[in-house]
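*Asks:* how does the following fold in three dimensions:
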Amino acid sequence: MVTFGFKPAEGFATLDLPPIESRLVVHQKHPLASREGVLARADLSEHIELFVAGCAQDPISVHHDLHLGGAHLFEVSDFGLKRQAILEGVGYGWLPRHMIEAELGRGELVSLSLTEGSTRWLLPQLVYRLDPPLGLMGRRLLTYLEEEVRVISRSRSKLI
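*Replies:* Below is the predicted model:
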């Protein structure tokens, strides 16, 4: 499985995947888009916060801080639906930057300035059981992902 904030457990191994930048966004016509200055969590409390199923009560999500704890929550099943709901003006939420670059560039989505920061970094991990051992395709996938992580890490270190 791919998850965030997995705590080491006997019988499992993990592979850290490259970090994913997530931005706090809202549709350009949403009332929050016209607010001036930096917002506090209290400023968001009147509005609907969109989150992916499991994120509100899941201790893993608290670890990566993508839920702001507001009273008006709307749950969706995945980031694609969350993106669509935000584009429809339903509410605000965190979305991976790579999913919304075009909309941010066109001004259709607006990044919200939050006192505690408007960017979060998700630290995904591939988690797999050690017993039974991975089969042929599982080992091939793991080898491929390990190589991709090395390539991405090398290219990022050259940028720094």
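
*Asks:* may I ask which helix or strand of this structure has the lowest mean pLDDT?
*Replies:* Between all helices and strands in the chain, the lowest mean by mean pLDDT, DSSP states H and E belongs to helix 59-64, at a mean of 40.

*Asks:* pLDDT weak spots in the chain?
*Replies:* Where the chain drops to pLDDT under 70, the residues are 54-71, 159-160.

*Asks:* other SSEs contacting the lengthiest helix in it?
*Replies:* Assignment by DSSP state H gives helix 136-159 as the longest helix of the chain. Other helices and strands packing on helix 136-159, by 3 or more C-beta pairs under 8 Å, 6 or more residues apart in numbering; DSSP states H and E, are strand 12-16, strand 124-129. From N, CA and C alone the C-beta is placed, and that goes for glycine too.

*Asks:* so for the longest one, what gets flagged as buried?
*Replies:* By neighbour count, with 16 or more other C-beta atoms under 10 Å as the criterion, the buried positions of strand 124-129 are 124, 126.

*Asks:* residues making contact with that strand?
*Replies:* 1-6, 11-20, 134, 138, 142, 145 (C-beta atoms under 8 Å, 6 or more residues apart in numbering).

*Asks:* change it to 6 Å
*Replies:* Contacts to strand 124-129, defined as C-beta atoms under 6 Å, 6 or more residues apart in numbering, come from residues 1-4, 6, 12-17.

*Asks:* between that strand and helix 136-159, how many degrees?
*Replies:* 150 degrees (axes from the mean of the first three to the mean of the last three C-alpha atoms, to 10 degrees).

*Asks:* export strand 124-129 to PDB, keeping only CA atoms.
*Replies:* Only the C-alpha atoms of strand 124-129 are listed here, as PDB (Å, rounded to 0.1, in the frame of the first residue of the first chain):
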ATOM      1  CA  PRO A 124       4.500   8.900   1.000                       C
ATOM      2  CA  GLN A 125       5.700   5.500   1.700                       C
ATOM      3  CA  LEU A 126       5.300   2.100   0.000                       C
ATOM      4  CA  VAL A 127       4.600  -0.400   2.700                       C
ATOM      5  CA  TYR A 128       4.600  -4.200   2.100                       C
ATOM      6  CA  ARG A 129       4.500  -7.400   4.100                       C
END
